[in-house]
Structures are given as structure tokens and as C-alpha cells.
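**Q** Fold the stuff below for me.
(2 chains)
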Amino acid sequence: MELDMERVLLSVAIMAGVTYLLRMLPVTVFQKKSKTGLSVLSWPMYRMRCWRR
Amino acid sequence: MQQKLTFFKGLKDGIPICMGYLSVSFTFGMMASKGGLPLWVIQLISMTNLTSAGQFAGTALVLAGGAYLEVAVTTLVINLRYMLMSFSLSQKLDPEMPWWERALLAFGNTDEIFAVAMQQTGFVGGKYLLGLITLPYIGWATGTLLGATAFGALSASAASALNIAIYGMFVAIIVPPMRKLRPVLFTVCVSAAISCVFRFVPVLSKLSSGWVIILCATAASAWAAIRYPVEKEDA
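**A** So this is what the prediction gives:
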């Protein structure tokens, strides 16, 4: 089957863009010390990933 | 004594992550090559996404002719956890770090890099983080290249067996803090228990892995925050 390269490249750009925005926005927008408990989400989330792989 | 977080310390800390990434991206390279994608596109995917599950699922969708919206939503759901990780990382980064440096380094915020960065004492600076990201990024790109070019030379079962390396890397990263800190140990256990519920309860098992990760993380974190409140904040 012949691949439509334009579609493939646009899809790759969408994947990369969505992934980057998810990573970049919180880091740049929330530069000040948070008073909420958001940071406590870190460790368990990392661990859950190990179980789901 | 607190070790200085230099670029070279970051490079050193990134070596085990790099080794793990080599094997996983090797499998990705093989999978994408088997699907008929040109080598340069496969390489482009790895070098612009730097994510395992999201990249695998997204590429499979691309190969199956999935719609743009489908690719976007799938990537969003699978990678939503990065948002929570970045929230945490934003509090760990040196407050003096300019926004553009944060924006650049955020690209390398993977599960493993995040975990290692969060284990450091005090704030994490740009040089350390850059060092930490460098080798895993090279490993991810190199593994993809090797996998894509070696397609056909290895059997599918041998290639999938390479994935075991990622578990070895996870164990190496997770076990030391678990042994040192009881709250971490119990939080891991609670997370695992909740994950098992989502895996084995018929209705819940239908939920996508991206949502399950987020729900389990949020529930276990809430439990840990209530059970082990932080008396005095330190970064």
C-alpha cells in the first residue's frame, strides 16, 4: 500500500505538537511555588506507569 | 553531603536511562519499519516525540490510516500524564531559570528523566537537566535507527524480548527510594493495588491505559498527601 507522505508527516507533527504542549505548558506557566497539592502527584504517577507498560 | 548538580552529574545519571531507551526504541524502529515507513520518517518520529507508549500508538494509527483528530486525541490521552509530571517538575526547577530554558528542557521530560530529577535534593538547574536529557535522547534516537535498519535480521520474539530491559531500568530507579522512605513504599503499594483493580475488574478494565494512569496516580497521591502530610516544605 502506498503511503500518503503528506498525511503521515502532518500526523507526526500533530503527535509531536500535542506531546510537547503537554510537557511544556505546565513548566512554563507555573513558575512560582504552588500552594496546592499538585506536586504530590509525581511519584505515584511514575510508579503507575511501570505497572501499565 | 549534597552533590552539586552539574551537567556531567546529569550525564552520569542519564546513562542507565539511555541503556533502557536503546532497547525500547529498537523495538519501535522495527515496528515502524515493518509498517513500511521510510527510515527518515521513523527517525523523525522518535526525535520529535520522545515517548514510548504515545509514539507506538500514534504510529500504529498513522499506519492504519487514522484521522488527524484520532491521532491527536489518542496522543493526548496516552501522554496526559506528562502534564501532571510537568506540574511537579515546575516546582522542582530553579526559580531563576528563564521561561525559554524551561520551555526547551520540558521537551525531555519523560517518565524516567522526571523520576531521576525529582530524586535530587534541592532545586534542579538547567545544566543538570540538560545533562540528564542528553544521553537518553541520543539513546532513543540511536535505538530507533538500529531497530529500523536491523528489521528482518531479528525475529519478532527476539525483538519483543528486548523490552525486558526497560523493567530492569525501572527497578533500578524505583527500588532505592522505596527502601529508604516508607511513605514512598506505601504509596507504591497503594498505586499498585488501585492499578490491579483497574486491570481485573471487568467494567474498569475497559478504560484506556492513559486514563487509568491518571486516575490511579491522582487517587494514590491524594491518599499519600493525607496519610503523610509535609510539615515543612523543601523543594
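**Q** Every contact and neighbour count from this point should use C-alpha atoms.
**A** Fine.
**Q** Go ahead and name everything in contact with stretch B:38-57.
**A** Here stretch B:38-57 makes contact (CA atoms under 8 Å, 6 or more residues apart in numbering or on different chains) with A:9, A:12, A:15-16, A:19-20, A:53, B:24-25, B:28-29, B:32-33, B:74-75, B:78-79, B:108, B:110, B:137, B:140-141, B:144-145, B:148-149.
**Q** Regarding chain A, what is its longest helix?
**A** helix A:5-29 (DSSP state H).
**Q** what helices or strands is that one leaning on?
**A** helix B:39-49, helix B:53-63, helix B:68-79, helix B:81-92, helix B:99-105 (3 or more CA pairs under 8 Å, 6 or more residues apart in numbering or on different chains; DSSP states H and E).
**Q** Give me the buried positions along it.
**A** A:8, A:11-28 (16 or more other CA atoms under 10 Å in any protein chain shown).
**Q** ok so, going back, from the contacts of stretch B:38-57, which would you call buried?
**A** A:12, A:15-16, A:19-20, B:24-25, B:28-29, B:32-33, B:74-75, B:78-79, B:108, B:110, B:137, B:140-141, B:144-145, B:148.
**Q** Residue ranges in chain A under the pLDDT threshold?
**A** Residue ranges of chain A with pLDDT under 70: A:1, A:32-53.
**Q** hang on, I meant chain B
**A** B:1-3, B:152, B:156, B:159-160, B:162-174, B:209-210, B:230-235.
**Q** so where's the longest helix in it?
**A** Per DSSP H, chain B has its longest helix at helix B:7-34.
**Q** how about it: buried residues?
**A** B:7, B:9-11, B:13-33.
**Q** in the sheet, who's paired with B:F151?
**A** Counting by DSSP bridges, B:F151 forms beta bridges with B:L154.
**Q** Okay, it and B:Y228: tell me how far apart.
**A** As judged by CA to CA, to the nearest Å, B:F151 and B:Y228 stand 49 Å apart.
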